[in-house]
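Student: coords please:
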Amino acid sequence: MTPELTALTLAALLQVVQYGLFSVAANLQVGPRYAAGPRDEHRPLTGAAGRLQRALQNHFEALILFTPAVLVVSLAGQSTPFTAGCAWVYLAARVLYIPAYAFGWVPWRSVIWAAGFLATVAMLIAALV
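Tutor: Numbering: from 1, shown residues only. Alright, predicted model coming up:
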């Protein structure tokens, strides 16, 4: 397995962890009766639960770009130390993004997001050259 595929696998597992963190925070906020029910009435999440929800959604969006970058690099045999480094930067950024968003680290949340995004873009460009 290429380092990029390893980072992608770990990013997917990180998303599972994120989903768990969000679910616990959301259930604590809305209560078990609402959480287990049909949720016909919308209850927006606030505070840490809302931030964890948005961080999780952001990870889904980030994976949409990171996954093809990893697949193109891996399937084309373009894995290099540079692309591996980009993959690890992406993963580290996603790990740091969770507390950055949950605790409202301004402006660090945006800086961390940009590092992961730029690492993904760099991988895509590296696959072409």
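Student: only C-alpha atoms from now on, for both contacts and neighbour counts.
Tutor: Fine.
Student: pull out the buried positions in whichever strand or helix holds Y97.
Tutor: Using DSSP states H and E, Y97 sits within helix 81-102. For helix 81-102, the neighbour count (16 or more other CA atoms under 10 Å) marks 83-95, 97-102 as buried.
Student: excluding sequence neighbours, find me the nearest residue to F66.
Tutor: Using CA to CA, 6 or more residues apart in numbering and skipping residues adjacent in sequence, the residue nearest F66 is T120, 5.6 Å away.
Student: still on that earlier bit, tell me which helix or strand comes right after the helix holding Y97.
Tutor: Stepping forward along the backbone from helix 81-102, the first helix or strand reached (DSSP H and E) is helix 108-128.
Student: now what about that next one, what contacts it?
Tutor: Applying CA atoms under 8 Å, 6 or more residues apart in numbering, the external contacts of helix 108-128 come out as 62, 65-66, 69-70, 72-73, 76, 78, 83, 86-87, 89-94, 96-97, 100-101.
Student: how is S79 assigned, secondary-structure-wise?
Tutor: Classification of S79 using DSSP: H, G, I helix; E, B strand; the rest coil returns coil.
Student: check which element follows the lowest-mean-pLDDT helix or strand in the chain along the chain.
Tutor: Sorting the helices and strands of the chain by mean pLDDT, DSSP states H and E puts helix 32-36 at the bottom, at a mean of 84. Next along the chain after helix 32-36, taking DSSP H and E as the criterion, comes helix 47-75.
Student: same for that following helix, what does it pack against?
Tutor: Judged by 3 or more CA pairs under 8 Å, 6 or more residues apart in numbering; DSSP states H and E, helix 47-75 is in contact with helix 3-30, helix 81-102, helix 108-128.
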